[in-house]
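structure here, sequence nowhere to be found:
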């Protein structure tokens, strides 16, 4: 299996599929081709969310604002998964999500010899690299179109002539929210829990989905179970489901990725909360019962 | 084969495909992922139109405004087809279209044990249910990725531990137009034909497609063969093909689903006729030759 | 393999896939279903670009503004590839690109007996024709879902009862730019090169892609290697890559199809250059160093 993700719209991804079909009959599954244009960080967010649902596969992800410049073409192994992508950071967050631990992630650069174009490496560099890797893995796999185990994947990649170990691939790290507690201790959300009650969380908008749901970096457990919360000052109900509020009403919920979302039932949260990717969002718990 | 339909846009359907691939290698075919948001009735209309083109398959359809509420997860057998969907009515019209007769439709609810999220049952409930059913059917099928016959499908579903017969699944019924005849008898279009000539048909807009074609619930035979018809008062040519009128001109035609459509050649009928889903539309035959 | 291209959006292509699955299990790959509406010339441009990336396949392409009129349904063999499409010109440019030479292109019309609709021949005519041809080719192919060689494809098509040789299929020819040289000789770009230096090229916009890149008919070699060029009077840098100019800045580059493009890094060229398909575009080389 090869999954494909890009910001190419159509029909460019079909050109990549044609190229792949010259190398392998492996199944092709589209992840998305309307990812935010030229935004490796947004792509990293969505791939970190989607790719771990798949069994081991080769993932070809091309969000490539630097196409034709000297940025490298990267191959990242994460457990038995392989990501093929430009070296601009988009590969590393999903790789960490796919691997059992960070020591199970390793990266190579792909030799790129005189591609046919300087503007469509999806077709001329990444698709053929993904196809060749897929074909090599299929040779050592015991099941048709399945992947061998992580060790065999590592061995297979290490034996490929056109791969060179990459010492320092570009990485994207998502910001962690800051949690303020009533015993005075500020902390990063990811750290040891403080003793005091949470009095504020300062987070950031990571992404907006097609429904206009505003996905923040605030872990769901900081909002789950509350009745009301202030979002940048505005009192908002917290609910497990969209249907808990009337159509058109705002709510804070925990999305399927585990983060707090600012949403509107049957409407758009980005408009109602006036939030865009990268914006700051401050959650202040409020126990007022209206 | 598993077909997939939703209002999820991207990349959410890819998460469903990843989950399915952990259970089965069955072929995946997208029906649409841009169905009108949160609108089970519109989904029912389109699925009733598209699914009968397929040979027997498992169809996973997730338009789910009530996600996380206590609405059931439904499995509907229609002949040798199986639809997996939330119990909000979207499954029943396509099920009736897929079955030879209504007695060949039966429904179950799927036990849902503590899904991973309350907001993405496409991934956490419906995709795994469809995959498990597909895998179970493949075991009793004699052809790879084909479906067994209706009796074997019924037996297989009846034997699955996590399915419980559903006594009263939510249903959607599309409105029937009213036909007025010159002998004074009003009638429902679906009933016995009157003797008199049709002098008016009061229908409703069922859906708008990507071209802006306005699909009504008025059976094509009530307009076919006429030269002109008044649509909410405006005299409009009736034609078999778009090309029969000049680009930009309005026409009434019979769409591929068999209903009368209000269209514009190389333009948008919804704008030109000012019609939206649910709007009333009155057709009055007119024999004026201009 | 059957590739599918249309301007149908969704869910209409799924109806075509359902019909195909009643005839053959051949792999289905979407080229695009959002091609410019009712525009066979635009479709011809994109298919000429994408289809040659594929190994031999059956390509079903339905951009069909004349659906239901007396335009023929066409089958075109180009080497070992087969294109099934309405006879409106869209098939011939990609056919020439797929064939080794023009003598390796031949066309048939498909007998169309009373299709189920007059408005959706994608489902009722082209999909079943593509499926029957695919099934016939698979019977003579030695590999599963592969295509036999060009001779065997030609023989297979010639033996099909419902195909009749087409003497004069509709064709689309893209305009050639005019090149003006300083020795006074104007010429078509495709002809013998003049001796003088190029002082102006008068071309045309062929297409706009999802990024807003303006694709012209001017061969890349007429701009490649220059530093600056005037585009309809405005001095614009020529660059190999988007990243060579700042975000939001205009550039002329050579696209992956080999033509000169008028683009904006991380922005839209169609807006910045005020160009639409069919517009004239005049390139004047300029050696000014700013």
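Received the coordinates, thanks. Just so it is clear, the structure is predicted and the values come from calculations on it, not from any experiment.

going forward, measure contacts and count neighbours with C-alpha atoms only.
Noted.

now for the helix or strand where residue A:13 lies, which elements pack on it?
Using DSSP states H and E, residue A:13 sits within helix A:12-21. If contacts are counted by 3 or more Cα pairs under 8 Å, 6 or more residues apart in numbering or on different chains; DSSP states H and E, helix A:12-21 sits against helix A:127-140, strand C:28-32, helix C:40-50.

would JSON lines of the ones you listed with mean pLDDT be doable?
Formatted as JSON lines, the helices and strands packed on helix A:12-21 follow (pLDDT from 0 to 100):
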{"stretch": "helix A:127-140", "mean pLDDT": "95"}
{"stretch": "strand C:28-32", "mean pLDDT": "98"}
{"stretch": "helix C:40-50", "mean pLDDT": "96"}
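
pick the most deeply packed of the ones you listed.
Burial of the helices and strands packed on helix A:12-21 is given as mean neighbour count (mean count of other Cα atoms under 10 Å in any protein chain shown); helix C:40-50 ranks first at a mean of 23.

how many other residues sit next to the closest residue to chain C within chain A?
The minimum distance from chain A to chain C, using Cα to the nearest Cα, falls at residue A:18 (3.9 Å). Using other Cα atoms under 10 Å in any protein chain shown, residue A:18 has 24 neighbouring residues.

pLDDT at it, what is it?
Reading off the confidence values, residue A:18 has pLDDT 98.

circling back to that earlier point, from the middle of its chain, how far away would the helix holding residue A:13 be?
Between the centre of helix A:12-21 and the centre of its chain there are 23 Å (Cα atoms, centre = their mean, to the nearest Å).

again, but for stretch A:87-107
11 Å.

got it, and stretch A:65-78?
Remark: stretch A:65-78 is offset 17 Å from the chain centroid, using Cα atoms, centre = their mean.

ok, now stretch A:203-223?
Distance, stretch centre to chain centre, for stretch A:203-223: 13 Å (Cα atoms, centre = their mean).

gap between the two ends of it?
12 Å (Cα to Cα, to the nearest Å).

list the buried residues for that stretch?
Within stretch A:203-223, the residues scored as buried using 16 or more other Cα atoms under 10 Å in any protein chain shown are A:203-209, A:211-220, A:222-223.

what's it in contact with?
A:42, A:45, A:174-178, A:189, A:201, A:229, A:238, A:253-255, A:258-264, A:267-271, A:275-283, A:285, B:8-10 (Cα atoms under 8 Å, 6 or more residues apart in numbering or on different chains).

hmm, which of these are the buried ones?
By neighbour count, with 16+ other Cα under 10 Å, those hold A:42, A:45, A:176-178, A:189, A:201, A:229, A:238, A:253-255, A:258-264, A:267-270, A:275-276, A:281-283, A:285, B:8-10 as buried.

so who does the residue in the stretch 1-150 of chain A that chain B sits nearest to touch?
At 3.9 Å from chain B, residue A:54 is the closest residue in the stretch 1-150 of chain A, using Cα to the nearest Cα. Shown in contact with residue A:54 (Cα under 8 Å, 6+ apart): B:15, B:17-19, B:21-22.
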